[in-house]
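*Asks:* my questions are about this predicted structure, shown below with the sequence.
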Amino acid sequence: MDNHTPVFCTIVPPHILDRLARSDDPALSGPARRTLQADAAQRTGRRLTTVAGAAARTAAAPAAGPRRTLHDARNGTDLPGVVVRREAEDPVADASVNRAYAGLGATFELLLDAYGRNSVDGRGLPLDATVHYDEKYGNAFWNGEQMVFGDGDGEIFLDFTVSVDVIAHELAHGLTQYTANLSYFGQPGALNESVSDVVGSLVRQRTLGQTADEADWLIGAGLLAPRVTGTALRSLKAPGTAYDDDVLGKDPQPATMADYVRTGRDNGGVHINSGIPNHAFYLLATRLGGRSWERAGQIWFDVLTGGDLLVDADFASFARLTVAAAAERYGEGEEHDAVLKAWSQVGVDTRA
């Protein structure tokens with residue numbers, strides 16, 4: 001699958017930045033507005049490009065391991081920036097560079113060791129990332145070719161490389177781009193975001209050596225500044241509880257279809273309704289127990305890469321494919337039953 005349309009995907013939902021931009025505090029509103037403007041410029045830029053650059057980088061024979069290149073934007077917006085660390089080079093003095101390098105490696109290792117996939121495209125795509133993007137930039141994104149991390153404003157968001165799940169989340173958008181290529185609107189867009197949250201959580205759990213029961217199932221833990229009343233950007237365990245703050249507002253994610261949010265914002269609520277498939281995966285993984293990237297993660301990976309997931313798939317069609325994938329790989333036993341129960345609990349019908 002070589003010609004998938006690149007999509008500009010961010011970790012921080014627009015509704016959070018919109019709210020910050022309306023703050024009476026210039027220390028909050030200024031960086032948020034600048035971040036929204038930078039994101040808008042990037043989205044426009046993605047419409048004018050293709051994945052030709054990425055395709056060219058995979059033309060050579062695939063490498064056996066990751067090929068990471070870290071760049072420093074030096075608080076500018078020209079990408080990719082100045083090369084500051086390449087594959088196999090020693091750590092540098094800049095902690096953001098080293099964290100991004102390690103996060104890219106952890107994601108590459110999960111894909112290869114757990115699922116036999118060589119990088120996000122399956123053919124050894126080099127992993128490029130840029131740190132210190134723009135001034136007080138409050139986001140991280142995948143732009144179809146590389147990952148980019150802001151430093152945060154220090155008031156609401158800290159450095160976006162502090163959470164390995166944020167790094168893995170963004171890189172997983174590349175995985176989706178090169179597999180199912182889910183469109184970035186409505187339910188397929190929410191599935192796109194959910195797949196990235198799932199992969200982000202799996203990478204963090206694997207890095208920490210955690211079982212499903214030991215994990216906190218948070219996305220972006222450590223990202224929010226001390227003044228914020230919240231623990232993370234999202235929670236797979238309890239969607240809608242990640243933050244409840246005077247400035248940010250309350251986490252709007254639903255956990256079930258009963259609270260599905262219909263909105264024209266955020267590409268039809270892709271960062272909001274992703275809470276529903278997120279919670280289904282959490283229920284599956286904790287019901288099965290053990291290491292989440294094994295049976296639960298394998299089922300999700302099989303669906304994403306199996307070729308039957310359409311670009312405009314809704315929750316129900318995705319759910320039916322997970323049921324079929326569980327039966328095909330494991331038979332109609334514990335795993336199959338756990339998938340059925342997980343989707344039933346979140347209110348998604350798996351009947352054909």
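*Replies:* Sure, I can see it. Residues are numbered from 1 along each chain as shown.
*Asks:* so which bits of stretch 229-240 are buried?
*Replies:* Gly230, Thr231, Ala232, Leu233, Arg234, Ser235, Leu236, Lys237, Ala238, Pro239, Gly240 (16 or more other C-beta atoms under 10 Å). Every residue, glycine included, has its C-beta placed from N, CA and C.
*Asks:* cool, stretch 259-266 as well?
*Replies:* Asp259, Tyr260, Val261, Asp266.
*Asks:* that older thread, and the buried residues of stretch 229-240, which is closest to His71?
*Replies:* Leu233 (24.4 Å; C-beta to C-beta).
*Asks:* ok, the closest one touching Gly222?
*Replies:* No. If you go by C-beta atoms under 8 Å, Leu233 and Gly222 don't touch, sitting 10.6 Å apart.
*Asks:* nearest spatial neighbour of Asn98, skipping sequence neighbours?
*Replies:* The shortest distance from Asn98 to any non-neighbouring residue, by C-beta to C-beta, 6 or more residues apart in numbering, is to Pro91 (4.7 Å).
*Asks:* may I have the phi/psi pair for that neighbour?
*Replies:* Taking degrees, to the nearest 10, you get phi -60, psi 150 for the backbone angles of Pro91.
*Asks:* what would the buried residues of stretch 229-240 look like in CSV with distance to Asp25?
*Replies:* Compiled in CSV, these are given as follows (distance: C-beta to C-beta, whole Å):
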residue, distance to Asp25
Gly230, 17
Thr231, 22
Ala232, 22
Leu233, 21
Arg234, 24
Ser235, 26
Leu236, 31
Lys237, 31
Ala238, 29
Pro239, 28
Gly240, 26
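*Asks:* out of the buried residues of stretch 259-266, which is nearest to Gly122?
*Replies:* Asp266 (29.7 Å).
*Asks:* I'd say that closest one and Ile16 touch.
*Replies:* No. The criterion here is C-beta under 8 Å, and Asp266 misses it with Ile16 at 9.7 Å.
*Asks:* ok so, going back, check contacts around the residue nearest to Asn98.
*Replies:* Applying C-beta atoms under 8 Å, 6 or more residues apart in numbering to Pro91 gives the contacts Arg85, Val97, Asn98, Tyr101.
*Asks:* hey, where'd the helices end up in the stretch 201-350 of the chain?
*Replies:* 266-269, 275-288, 295-305, 315-330, 334-345 (DSSP state H, counting those that start in this stretch).
*Asks:* so which of those helices is the most packed in?
*Replies:* Stretch with highest mean neighbour count among the helices of the stretch 201-350 of the chain: helix 275-288 (a mean of 25; mean count of other C-beta atoms under 10 Å).
*Asks:* check which helices and strands it sits against.
*Replies:* helix 186-208, helix 295-305, helix 315-330, helix 334-345 (3 or more C-beta pairs under 8 Å, 6 or more residues apart in numbering; DSSP states H and E).
*Asks:* between it and helix 295-305, how many degrees?
*Replies:* 140 degrees (axes from the mean of the first three to the mean of the last three C-alpha atoms, to 10 degrees).
*Asks:* now helix 275-288: average pLDDT?
*Replies:* Mean pLDDT, helix 275-288: 98.
*Asks:* how about stretch 159-169?
*Replies:* Here the average pLDDT along stretch 159-169 is 97.
*Asks:* ok, stretch 33-50 next?
*Replies:* On average, stretch 33-50 scores 73.
*Asks:* any weak-confidence spans in the stretch 1-150 of the chain?
*Replies:* 1-6, 44-63 (pLDDT under 70).
*Asks:* now do 90
*Replies:* 1-8, 39-64 (pLDDT under 90).
*Asks:* residues near Glu89, how many?
*Replies:* Neighbourhood size, Glu89 [other C-beta atoms under 10 Å]: 13.
*Asks:* need the contact list for Thr107.
*Replies:* Ile167, Ala168, Leu171, Ala172, Val199, Val203.
*Asks:* what's the domain layout of the chain?
*Replies:* Structural domains assigned to the chain are 9-177, 186-345, following automatic domain parsing.
*Asks:* ok so, going back, will you turn the helices and strands packed on helix 275-288 into a markdown table that also has mean pLDDT and distance to Glu214?
*Replies:* Formatted as a markdown table, the helices and strands packed on helix 275-288 follow (pLDDT from 0 to 100; distance: least, C-beta to C-beta, whole Å):
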| stretch | mean pLDDT | distance to Glu214 |
| --- | --- | --- |
| helix 186-208 | 98 | 8 |
| helix 295-305 | 98 | 14 |
| helix 315-330 | 98 | 23 |
| helix 334-345 | 98 | 18 |
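*Asks:* list the contacts of stretch 199-208.
*Replies:* 103, 106-107, 109-110, 114, 163-169, 171-172, 175, 210-212, 214-215, 217-219, 236, 291-293, 297.
*Asks:* next step: these restricted to strands.
*Replies:* Leu218, Ile219 (DSSP state E).
*Asks:* just the buried members of the contacts of stretch 199-208?
*Replies:* Members of the contacts of stretch 199-208 classed as buried by 16+ other C-beta under 10 Å are 103, 106-107, 110, 114, 163-169, 171-172, 175, 210, 212, 215, 217-219, 236, 291-293, 297.
*Asks:* could you give the bridge partners of Lys250?
*Replies:* As for beta bridges, Lys250 partners with Asp244 under DSSP bridges.
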